[in-house]
Structure formats: C-alpha cells, structure tokens
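A.B. asks: Quick one: sequence and predicted model below, then my questions.
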Amino acid sequence: MKKTEMVLEGQPKPLLWVATPQRLIAIDMSKLKINHYEDASKLKINHYESRDFEIHSLPVFRMLNLVENEFPFGMRFFIRDSKLYMVGGEKPRRGASPKLYRHLKSVGHDESFGDRGLSPYVYVLDLTGLDSSTDLDLLKHHTSMLAAKPTPIVEEIEGKIYVLSGTPSQSYCLLPTPTFEVYDPLIEQWKPLDQPPFYREGCSNCQEFEVIDHSVLGTTIYVLTFNLMDEFYHYYSYNVNDGNWKFLGESEDKLPVPYHFTPMFTGKFVPGYNDIYIFFLGDIPYAALIPSNDRSPTRYQALNEVDGALYHRQVASYSGLVVQLGEHEMCIMKPGSVQAKEGSLRPCHIILYMATFKVEKLLHSSSSAQDRGLKLLRTADASDVSQTSSHHDNDVQDIRAPFLSITCLSKGFYYLDEWGPEASYICSAFFHQLVDP
C-alpha cells in the first residue's frame, strides 16, 4: 500500500483530477464556491497591500504525494474507461531534501530507475468504486512504453494515445528512442512513430531544442520548440492520418490555423458546442466563436465573469489550463506565486486560481456575422475587446456584441503548497464523475 494523504472526508463527488509535478490531487467540485474579491487595480493602496487577499484551502477529496511514494516526478496522465493512466516522468534521486523538489534540476536522477532515471512506465488507478477510504494505489501497468519519456506530451486522438518526449530536467541527459509513440488501448500495444525533426536520431541534440508547448486541432498536433543554438522559436506539425512531420516556420503568423489554436494559447472546445472555444490570451480567458465559413471573422469575448482580478494582485502567473466539464460547462486554472505576508516562514506561496462556469449561447449568436468586424490583436488587453451591442438598421448583429452568457459556478484562490514545497505548474487535469459502487 502506498502512503496516501487524507485531506477531507466525504461522499463520492464530481471530481477534478489534477496532477502537479509532485502530486495527484482529486478536487471535490461540489465544495467549490464563489469567492468575491475587490479589483485591486482600482484600489488606492500600495504595492504590498494589494497582495493581502484571502486564499483558501483546496477542497481535496484525495491526494497522493507521488515523489514521497517513489513514483516519477512530472508524470502526465489521461483518463479512459474509468481508469487513470500516468506516464513518463523522471525519478529523483533518493535522500534529496523535499525543498529541492520544487525544481528537479537541482536534485538529479535516480539512475537505477528506468532508463538512467527517465521513466518508460505506465501506472494505472482504477476509479471504479473509489471512495474516501480507498487507498490511491497506482499500479504498474503490464505494458510499458518502448522508451522513457521525460515531461511528455500526452494526447488522445481518435481513440489512440500519442506520447511525445519533452525536455528533460538535466540538460546533459540524452533522450531514449523512440521519442514519439502511440498506444492502441484495444490491442494494448505501443508502436513507434516517426522521429520528430527536432530530435535527431540518437537524440544527442536534446541540448539544442526545448519543447515549449503544444496544441491539438482535429487530427493534427502542433508543437512549439525553442532552438538553443539559433535562439529562434520553431513550429512543427504532425498529422496522425498521414504520419508526417512538417516544419511550419518560425512565426505563428504563417501557421495554417488561427492563432488561438496554436501552441501557447491553451484552450478547449465547450462540450455540446463545436464552435465555441475557450482559451487563454496571456493572462485573460477568452471565448472564440468559430465561423462556419471562411468568409466570416472569428468573434471573441473576454470572460470577465470568471477572471477574478487575479492578475491585478501582484501575482506572478504561469501557464493556464482549460478543462472540459459536463455539458456546456468549463473550468479554467491558473497557477502562480504570491509574496507571503510579513513574518511568514515562506517568502512566497504557490497558489492556484480556479473558476468553473456554464456557457450558454445568446439567441442572436451567429458564426456567420458580417465581414466588417473585429480583429483581436495578439497583444491586446481585455479592454480592447468591446462587449457592447450595436444594432443597425439592417438588423444585422454587430460582431462586437457578446455572443455568450456566462454563469459563474465557482471561483477563488487556493493554496497549492500547504502540503509541502511545490512547483507552480499543472501537468494535467481531467474531470471525472465518480459513481457510487
């Protein structure tokens, strides 16, 4: 039995499963509520007072410290058929101080594990019948990947699981091959895929490229890398149907998809609406109404109802995450750090801003609006996108008008570091409805 940290008792609930580099956390979404905050940017107070706002404890149903229980650091996961699968990662060396785990680079690998400390293993947790007294036992799956994958990219596309090696924490570490493979759950087999252009055969160049981010649109995976030699960002794509990698250039302006679908703009479609896409533009959550034809512009709406004035509070924010919940329901998550109050034992706290909300199209919403419209600049602030309606004599709806009604279900700031030192990063997050056995 693995040591499991019991945080809150309770009946089975709708759960949001979240993996940080060190922990697997199940958040009891039935206990989330709306917390109200004044907009610190509008208050005439000094720099430090604006940090003095209430931060709550996450309503955690279950939590497992992965590193303390001898699992790899930085695993990614997916949920399929009521089972949670965690893959890849890196095994820290034993005996290191927990304070060092915030940044694995300063810890080093346990080279007796996997492939020189890199994990090819798959761990599985059966979510069927899980309750508040069941131990979170991650069991090693009977199949392993063909090669170890540090900080992997994991995506399910058309029923198959695609896993791409990310950048290892140790710059001198050579990546095992294949760096890209696919798992077919129906036959429970892994298959190697073509080597990405940014990982040469033998993977001796993992010091040359860093995988920065990725996105998925349909059957195509888009990958953003940074070339440490020429100091340029490079874009690549891989289509699962033809199995080919393509170099797309060094600028997002030349990509064959709208910018909100490209890497660095984390987003998801709203369940039940195949034309509403929720994404982060910098620190601001937005909705995009995708046109039904190429002649119409994409319409945008800032989600001020769930923004929460997070970024006016001297919070250093990091990469956000958008999670699909039930029908027409979504969740946004944004980790960050905030300076602790004077006299605190820690100089800063790792926190999480999280909001859940329901999306409903307004009756006049149309993805075939007139072409006279709104163009959202990549560097735009939320104030650049007007949400004011303007009706014209021809009764055509102004594309600057809001096209969604947003009902906030919960929002608030929560501690991530109350169980020990933590990295301000969310590796994966999925919603799963826990059913009573």
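C.D. replies: Good, I have the coordinates. Numbers count the residues shown, from 1 in each chain.

A.B. asks: so where's the stretch 251-400 of the chain uncertain?
C.D. replies: Residue ranges of the stretch 251-400 of the chain with pLDDT under 70: 308-318, 340-347, 364-400.

A.B. asks: can you map out the strands along it?
C.D. replies: 267-269, 276-281, 284-289, 299-302, 316-317, 321-324, 329-339, 348-361 (DSSP state E, counting those that start in this stretch).

A.B. asks: Which of those sits closest to Glu250?
C.D. replies: Across the strands of the stretch 251-400 of the chain, Glu250 has its closest neighbour in strand 276-281 (21.0 Å, Cβ to Cβ). Heads up, the C-betas are built off the backbone N, CA and C, glycines and all.

A.B. asks: what angle separates that closest one from strand 329-339?
C.D. replies: In terms of direction (axes from the mean of the first three to the mean of the last three Cα atoms, to 10 degrees), strand 276-281 departs from strand 329-339 by 10 degrees.

A.B. asks: ok, residues contacting strand 276-281?
C.D. replies: 260-261, 265-270, 285-290, 303, 320, 322, 330, 332, 334, 359, 361, 376, 378, 380, 404 (Cβ atoms under 8 Å, 6 or more residues apart in numbering).

A.B. asks: rerun that using 7 Å as the cut-off
C.D. replies: Under the contact criterion Cβ atoms under 7 Å, 6 or more residues apart in numbering, strand 276-281 has outside partners 260, 265-270, 285-290, 320, 322, 330, 359.

A.B. asks: List the contacts of Tyr183.
C.D. replies: Per Cβ under 7 Å, 6+ apart, neighbours of Tyr183: 160-161, 190.

A.B. asks: switch the cut-off to 6 Å
C.D. replies: 161, 190 (Cβ atoms under 6 Å, 6 or more residues apart in numbering).

A.B. asks: Okay, and it sits in which element?
C.D. replies: Assessed by DSSP states H and E, Tyr183 sits inside strand 180-184.

A.B. asks: Just the endpoints, please. Distance across stretch 420-434?
C.D. replies: Stretch 420-434 has an end-to-end distance of 27 Å (Cα to Cα, to the nearest Å).

A.B. asks: List the buried residues for the strand holding Tyr183?
C.D. replies: Residues 180-183 are the ones in strand 180-184 that count as buried (16 or more other Cβ atoms under 10 Å).

A.B. asks: Show me what the residue nearest the centre of the chain is bridged to.
C.D. replies: The centre of the chain sits closest to Leu321, judged by Cα atoms, centre = their mean, with a distance of 3.6 Å. Leu321 has the following beta-bridge partners by DSSP bridges: Met333.

A.B. asks: Do I have it right that Pro120 meets Thr143?
C.D. replies: No: if you go by Cβ atoms under 6 Å, Pro120 and Thr143 don't touch, sitting 10.1 Å apart.

A.B. asks: Compare these two and say which is more crowded by neighbours.
C.D. replies: Ranked by neighbour count (other Cβ atoms under 10 Å), Pro120 and Thr143 place Pro120 first, with 17 against 12.
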